[in-house]
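Asks: Sequence and predicted structure are below.
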Amino acid sequence: MLRQVGLLKFDLGERHADIVVRDVQIWIDRDMAQEEEHDNDTTIWSYSGRFIQYVDLNMLPLWLRPNISTNNDTYLCFTTSKATNAYFNSKLRDGRRGIVVSFPTQESDDKSGLWIFYRDDADDKFNEDRYVKCFMLDLTRKTLIDTQIQNSTKDSTMGRESSIDDILKKSQNRINSANNEVAKSVRINDRRLQFNETLSRLILGGLRLRGIPNTQSSFQRLYKMAFDASEFTYRRELKEISRGQQQEIPFEGLQETVEILLKLFTKS
């Protein structure tokens, strides 16, 4: 049974603080037994936050992913705002992408205040409509793991002082490696996002120059055809970008590709 538990809104960061994503309704899907336990809890909480960055969901540690940590509920998101719906549809086209938002007003010792919004293609129950979901990063399991590591190292210190240095060195190497992977993922996401935004601007500009108003149904059809064809043209470069082996795609080449495609599709 679905029940609304919260209402969120957030701006798009310091450079776009005037743009606010509103009416993000947070719902939870509970079975009847769980619902009976929460019948008396009808409070709907409300928080305001700020966009932080995009993240590759495949890069998240297992203990941070939904339904892994015992205190980590996964929520469904609904909205009556067309602008909010368009924002999520635009930013979550890639099933691997998550939107990280900070809600620092939340008062909880075991939570990070960071939420991740995403679409789960693997969800059998809601897969048909690909609902937006979200969850709060729960750091309690990390604390538990860190405690177990510390206890393990303490037990092995008797007569083996040198092993402590080895453990700490390996732990630091793992942290450095994880940080490098996260930084690499952010760079890859930024390059792909920049490609999409540049391509979109070029196509929109080309259609306007040809006098095709965006009120016509043909405008959206031509836009999608040009966008998909451009992505296909640069499929190798985009694949290399996803591997971190390709720098930015030259603007001039992308502009020429769009112009050729629009001439082909519009015969002008």
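Replies: Yes, it's here.
Asks: how many neighbours does Ala178 have?
Replies: Neighbouring residues of Ala178 were enumerated by other CB atoms under 10 Å; the total is 12. The way it works is simple: take the backbone N, C-alpha and C, and place the C-beta from them, glycine included.
Asks: I'd assumed it was in a strand, is it?
Replies: No. Read with DSSP: H, G, I helix; E, B strand; the rest coil, Ala178 is helix and lies in no strand.
Asks: pLDDT at it, what is it?
Replies: pLDDT for Ala178: 70.
Asks: hey, which helix or strand in this structure has the poorest pLDDT?
Replies: helix 32-37 (a mean of 54; mean pLDDT, DSSP states H and E).
Asks: so where do the strands sit in this protein?
Replies: All strands of the chain, identified by DSSP state E, fall at 2-11, 20-29, 45-56, 74-78, 97-102, 111-119, 132-138.
Asks: Show me what counts as buried in the first one.
Replies: Neighbour-count burial for strand 2-11 flags 5-11 (criterion: 16 or more other CB atoms under 10 Å).
Asks: and if you look at the second one?
Replies: Residues 21-22, 24-29 are the ones in strand 20-29 that count as buried (16+ other CB under 10 Å).
Asks: ok, now the longest one?
Replies: Residues of strand 45-56 classed as buried under the neighbour-count rule (16+ other CB under 10 Å) are 47, 49-51, 54-56.
Asks: Out of the buried residues of strand 20-29, the closest to Leu137 would be?
Replies: Of all the buried residues of strand 20-29, Leu137 sits closest to Ile26, with 15.2 Å by CB to CB.
Asks: so what's the closest residue to that closest one other than its chain neighbours up against?
Replies: Closest residue to Ile26 apart from its sequence neighbours, by CB to CB, 6 or more residues apart in numbering: Gly6 at 3.7 Å. Gly6 sits next to 25-26, 44-47, 75 when contact means CB atoms under 8 Å, 6 or more residues apart in numbering.
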